[in-house]
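**Student:** Could you look at this predicted model? Sequence included:
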Amino acid sequence: MSLEIFAGITPETLGAVAAMAFAGTWSPGPNNAMLSASGARFGLRATLPHARGVALGFPAMVFAVALGLGEAFRHSELLRETLRWGGAALLCWLAWRTATAPAPGQGGGRARPFTFLEAAGFQWINPKAWIMALAMISQFADGAQPVRDAAVIAAVYTVSGMTSAHAWAGFGAAMGRFLGTGWRLRAFNMSMAALMMLGVLALLTEDLGGV
């Protein structure tokens with residue numbers, strides 16, 4: 001992406017965008033919990049498509065939201081509530097699958113990690129992703145140059161997402177090698193599932209219309 005998109009962006013604004021993006025992408029949440037659990041079970045190499053789907057899928061979503069899709073979300077209670085309850089149900093299911101996943105090489109559970117397209121598509125039904133995107137856009141997109149603002153925010157999220165997604169997947173892979181295949185790995189998976197459930201609780205109490 002050309003550096004010309006950053007023309008007119010002050011260093012202070014760019015630094016604030018980067019700080020908010022890195023805080024959002026590096027903090028624990030559904031994406032990072034799923035990446036760690038996948039890394040622990042399937043290894044880093046097999047989890048790379050999942051990591052890249054998160055790292056590139058979310059900036060693509062942010063770009064679309066910044067160009068106007070976010071306004072549709074804000075003004076449609078039906079859309080917000082569908083996302084809230086549909087996202088909560090999906091996260092509960094993913095948390096259960098993570099908590100009950102067998103050790104590597106054993107049958108049952110999810111037989112493979114997410115593909116690139118599955119991970120990218122998950123961003124559109126991940127409530128935390130919507131909240132992060134809308135919060136960022138409300139802070140830094142003034143509407144004067146919507147395409148430029150959308151491109152800058154997406155570019156920053158691509159950098160922060162690439163680093164955080166691969167780091168969380170690598171963390172999970174390292175933990176998987178350290179924990180082995182017994183109760184310690186099961187405890188790790190359950191802790192990742194608990195992070196997802198915390199996201200569900202936050203989602204059910206979040207005022208999505210006020211983001």
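**Tutor:** Here it is on my side, so go on. None of these values were measured; they are calculated from a predicted model. Numbers count the residues shown, from 1 in each chain.
**Student:** The helix or strand that contains Val62: which residues count as buried?
**Tutor:** Element membership for Val62, per DSSP states H and E: helix 44-64. For helix 44-64, burial by neighbour count (16 or more other Cβ atoms under 10 Å) applies to 44, 47-59, 61-63. The C-beta positions use only the backbone N, C-alpha and C, and glycine is treated the same way.
**Student:** Helix or strand with the lowest mean pLDDT in the chain?
**Tutor:** When the helices and strands of the chain are scored by mean pLDDT, DSSP states H and E, helix 70-75 comes last with a mean of 64.
**Student:** Kindly indicate whether the spatially most central residue of the chain is helix, strand or coil.
**Tutor:** Nearest to the geometric centre of the chain sits Asn31, at 4.0 Å (Cα atoms, centre = their mean). Put simply, Asn31 is helix when judged by DSSP: H, G, I helix; E, B strand; the rest coil.
**Student:** ok, now how distant is it from Gly24?
**Tutor:** Note on Asn31: its distance to Gly24, by Cβ to Cβ, to the nearest Å, is 10 Å.
**Student:** what do those two both touch?
**Tutor:** Listed as contacting both Asn31 and Gly24 by Cβ atoms under 8 Å, 6 or more residues apart in numbering is no residue at all.
**Student:** what helices or strands is the following helix or strand past the least confident helix or strand of the chain leaning on?
**Tutor:** Sequence order places helix 77-99 as the next helix or strand after helix 70-75, per DSSP H and E. Here helix 77-99 touches helix 30-42, helix 70-75, helix 127-140, helix 183-205, going by 3 or more Cβ pairs under 8 Å, 6 or more residues apart in numbering; DSSP states H and E.
**Student:** which other helices and strands contact the helix or strand following helix 77-99?
**Tutor:** Per DSSP H and E, the first helix or strand lying C-terminal to helix 77-99 is helix 116-122. In terms of contacts (3+ Cβ pairs under 8 Å, 6+ apart), helix 116-122 is packed against helix 44-64.
**Student:** rerun that using 10 Å as the cut-off
**Tutor:** Under the contact criterion of 3 or more Cβ pairs under 10 Å, 6 or more residues apart in numbering; DSSP states H and E, helix 116-122 touches helix 30-42, helix 44-64, helix 77-99.
**Student:** Let me have those in JSON lines, adding mean pLDDT as columns.
**Tutor:** Shown next, in JSON lines, are these (pLDDT from 0 to 100):
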{"stretch": "helix 30-42", "mean pLDDT": "92"}
{"stretch": "helix 44-64", "mean pLDDT": "94"}
{"stretch": "helix 77-99", "mean pLDDT": "81"}
